[in-house]
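A.B. asks: pasting the sequence and the predicted model now:
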Amino acid sequence: MTRIKHGSAAWAAVLAGALALTGCASSQGTPSSGGGNNDVSAARKVLGEATAKVTTFDFPAEQVAAPKDKLVVAVPCAYAAEGCKREVDAIAEAAKALGWRYQMIDPAGDPDKMRAAVRTAIQLHADGIFLGSIPSSVVKDDILTARSGGIKVVNMSEPAPDGFADANTLYDHTKAGRWNAAYLTVATKGAGKVISVNDPEFPSVVEWHQGFVDGLKELCPGCRMVKDTNFQIANLQTQVPTDFQATLQANPTANAVWTAYDPVALSLAPVIKRSPQNGKITVVSQNGDPGALQAIKAGDQPFKATIGVSVEWQSYAAVDQMVRLLAGNLPASLKTVNVPEKLISADNVSSIPWDGDLDWKDTYLKLWKTS
């Protein structure tokens, strides 16, 4: 599914905003609204797992000797977008620790420039390419050319078809959606009247949405979806708030909102606060962007919970895959790595951005032999 169909300048500007922003319902589900009396014990159990501190992770078991004098190129979706910037900045940091040469090529959200960035990496005779939140459908032909020429490719963040890249670092989008469903189930006492604000352009969001819908059916039989809406990212700051205002007016009993990603939730907050439903609606989302965590921590917004991911951890996991690829010994078990995620509410905001709860950086540095 192609996630970029808009003019490059408009898309880049909106994407930059979208990824830069990455009685209350607590992490244990203190209701903010609702009034139902349904059994929410199953949802409480899931919520306990979702909000738990990360204490373990299946790091690679074997050290690896990092090959010397390698050139790696990182291609972010847009360096002006905070999430993509953090991805490639962490790649640069790890590459420096390895003594590798590093170059970032910024396509600024332009699909044509994304393809051109991969072709430039080929011309530079790069040893490896990191794709930071780049839609596979946009660059698939050029990535095939790169890999055919022996360049190793690690895909980050966005789901991709089997065989697209040499390795993938992701997280479990479907589980994240299910965790959102558990939170809303408890917050509404099992009587959620839910509005979904979905962006099906993004493969990751498609998985989030499906996990949420399926999770709601599983955990909250007393909940119902009163409106399931779609939008396109190019309209995030303009049409989406206006359309949502009309949706709220048409659904005055709504008490819960699921959004595609954090910037959507933040853009809808002023609409909710101006509405008669203010104080009666709980909003959940995902990304764990700093702006979202700050709003959640403040506790004065309808935005109550998000799914956090440590972007930097994901990048170091990607570099570990690249080290092993260039050393010729990436085991099948490490071809796809899902980094931890966590449902974050006002009760458990431990850092902004979320640091992952573990000392993953030191662990990876100790795995890489550089002398």
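C.D. replies: Received the coordinates, thanks.
A.B. asks: residue 248 versus residue 185, what's the distance?
C.D. replies: Distance, residue 185 to residue 248, by CB to CB, to the nearest Å: 21 Å. Backbone N, C-alpha and C define where each C-beta goes, glycine included.
A.B. asks: more neighbours: the two, which one.
C.D. replies: residue 185 (33 against 21; other CB atoms under 10 Å).
A.B. asks: so what does the more buried one look like in phi/psi?
C.D. replies: Note on residue 185: backbone dihedrals following degrees, to the nearest 10 are phi -60, psi -50.
A.B. asks: repeat for the one 4 residues further on
C.D. replies: Comment: the main-chain dihedrals of residue 189 come out as phi 60, psi 30, following degrees, to the nearest 10.
A.B. asks: relative to residue 239, how far out is it?
C.D. replies: To residue 239, residue 189 is 33 Å away according to CB to CB.
A.B. asks: these two: who's more crowded?
C.D. replies: Neighbour totals were compared for residue 189 and residue 239, and residue 189 leads with 21 against 12 (other CB under 10 Å).
A.B. asks: wouldn't the more buried one be in contact with residue 43 here?
C.D. replies: No: the pair residue 189 and residue 43 does not pass the contact test of CB atoms under 8 Å, sitting 10.1 Å apart.
A.B. asks: how about the strands of this structure, start to end?
C.D. replies: With DSSP state E as the criterion, the chain has strands at 64-65, 71-76, 101-104, 128-132, 152-156, 167-170, 193-198, 224-230, 256-259, 282-287, 303-309, 336-338, 341-345, 368-369.
A.B. asks: in a markdown table, list these along with mean neighbour count, mean pLDDT and distance to residue 119.
C.D. replies: Formatted as a markdown table, the strands of the chain follow (neighbours: other CB atoms under 10 Å; pLDDT from 0 to 100; distance: least, CB to CB, whole Å):
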| stretch | mean neighbour count | mean pLDDT | distance to residue 119 |
| --- | --- | --- | --- |
| strand 64-65 | 14 | 96 | 30 |
| strand 71-76 | 26 | 97 | 11 |
| strand 101-104 | 17 | 98 | 14 |
| strand 128-132 | 30 | 97 | 11 |
| strand 152-156 | 26 | 98 | 13 |
| strand 167-170 | 23 | 97 | 21 |
| strand 193-198 | 22 | 97 | 34 |
| strand 224-230 | 14 | 96 | 33 |
| strand 256-259 | 30 | 98 | 36 |
| strand 282-287 | 29 | 95 | 30 |
| strand 303-309 | 29 | 96 | 30 |
| strand 336-338 | 18 | 97 | 26 |
| strand 341-345 | 24 | 97 | 34 |
| strand 368-369 | 15 | 95 | 29 |
